[in-house]
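Participant: structure for this input, please:
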Amino acid sequence: MVEYQQKDKYTIDDLIDIVRLLRGDGGCPWDMEQTHQSIRQDFLEETCEVLEAIDLNDTELLREELGDVLLQVVFHCRIEEENNSFKFDDICDGICKKLIVRHPHVFGEVTVNSTGEVLKNWDNIKMETKHQSTYTETLESVAKSLPALMRAQKVGKRAMRAGMDFRNADDAIACISAEKAEFDEAVESGDKSCIEEEIGDLLFSCVNAARHLGIDAELALKNSTDKFIRRFSVTEKLVRAENTDMKTLPIEELDVYWNKAKNIISEESD
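Facilitator: Residues are numbered from 1 along each chain as shown. Just a heads-up that it's a prediction; the model follows:
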């Protein structure tokens, strides 16, 4: 057992100290064994739980989940501090300097008249500070670990800033039809690698169309997936009400139940 004075109210300094104790001599065996790689997925999961709290508009849950994310930050920082790389104060110093540099209209002499000008300055400053000399480098810097739809939309947006984009939403939508035709040809060929490539192009064209229409492709797919689960749930209840197992029915019969479920949900939402 380590010595630690418990308090009624804790601060960020206490969190840093607690993590240090957990990873130190006499601390927690599990915490001491962890590396950046071993808890990498934890960071992603905690971040997703923050998003869930936001979607639920649950303030108390949001407070809790933000704390879990903050723990991840402090934990990763502690690993680096043990390697004599950097400390938590260095993280704070870095982000503060970045915010000041990227907001010259607040902390400097630059004058802006719109959000558009703010974003344009932000992009220019970001390229300069990250030593990016080409537009390609700005595309390549989009994290490959992002969800695919989110990454595709972000890459498309950065290409747009370089002038490489559809003229309007209609052109972007037309591209979906063109890519669908190429996908159909690939399916007919039976070439799996070609099918994979073309379905990827089809998805990318849908993301571009969404961007031009002001739609978040990631959120749109999330909502559609949620809608599918709701309809599936009602469909299963309808089938079970007749003492039947879904998997014993042919798809034609399941479609009948599916359409009934759609009507029930539609009536409930009216």
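Participant: tell me who's in contact with residue 172.
Facilitator: Shown in contact with residue 172 (Cβ atoms under 8 Å, 6 or more residues apart in numbering): 166, 205, 208-209, 211-213. To be clear about C-beta, it is placed using only N, CA and C from the backbone, and glycine gets the same treatment.
Participant: narrow the residues you listed to those in strands?
Facilitator: Judged by DSSP state E, the contacts of residue 172 include no members of strands.
Participant: of all those, which comes closest to residue 81?
Facilitator: Set against residue 81, the nearest of the contacts of residue 172 by Cβ to Cβ is residue 211 (40.5 Å).
Participant: ok so, going back, and the contacts of residue 172, which two are furthest apart?
Facilitator: Greatest spatial distance among these (Cβ to Cβ): 205 and 213, at 12.7 Å.
Participant: please identify which of those two sits among more neighbours.
Facilitator: Comparing residue 205 with residue 213 by other Cβ atoms under 10 Å, the one with more neighbours is residue 205, at 24 against 12.
Participant: that one contacts residue 181, doesn't it?
Facilitator: No: taking contacts as Cβ atoms under 8 Å, residue 205 lies outside contact range of residue 181: 11.3 Å.
Participant: next, work out how far apart residue 75 and residue 181 are.
Facilitator: Applying Cβ to Cβ, to the nearest Å, the value for residue 75 to residue 181 is 50 Å.
Participant: okay, now the domains of this protein?
Facilitator: 12-86, 219-269 (automatic domain parsing).
Participant: which residues in the chain form helices?
Facilitator: 12-23, 29-33, 40-56, 59-82, 88-102, 104-107, 115-129, 135-140, 148-161, 169-189, 192-212, 217-240, 251-269 (DSSP state H).
Participant: reformat the ones you listed as CSV; add distance to residue 1.
Facilitator: Shown next, in CSV, are the helices of the chain (distance: least, Cβ to Cβ, whole Å):
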stretch, distance to residue 1
helix 12-23, 10
helix 29-33, 14
helix 40-56, 26
helix 59-82, 20
helix 88-102, 25
helix 104-107, 47
helix 115-129, 47
helix 135-140, 50
helix 148-161, 45
helix 169-189, 62
helix 192-212, 54
helix 217-240, 45
helix 251-269, 55
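Participant: quickly, which of those helices bottoms out on average pLDDT?
Facilitator: Among those, helix 115-129 carries the lowest mean pLDDT, at a mean of 87.
Participant: what does that helix contact?
Facilitator: By Cβ under 8 Å, 6+ apart, helix 115-129 touches 98, 101-102, 104-105, 110, 112, 132-133, 137-138, 161.
Participant: how about those in TSV, adding neighbour count and distance to residue 262?
Facilitator: Compiled in TSV, the contacts of helix 115-129 are given as follows (neighbours: other Cβ atoms under 10 Å; distance: Cβ to Cβ, whole Å):
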residue	neighbour count	distance to residue 262
98	13	49
101	14	52
102	18	47
104	16	53
105	15	50
110	13	53
112	15	48
132	16	48
133	10	53
137	13	47
138	19	43
161	14	41
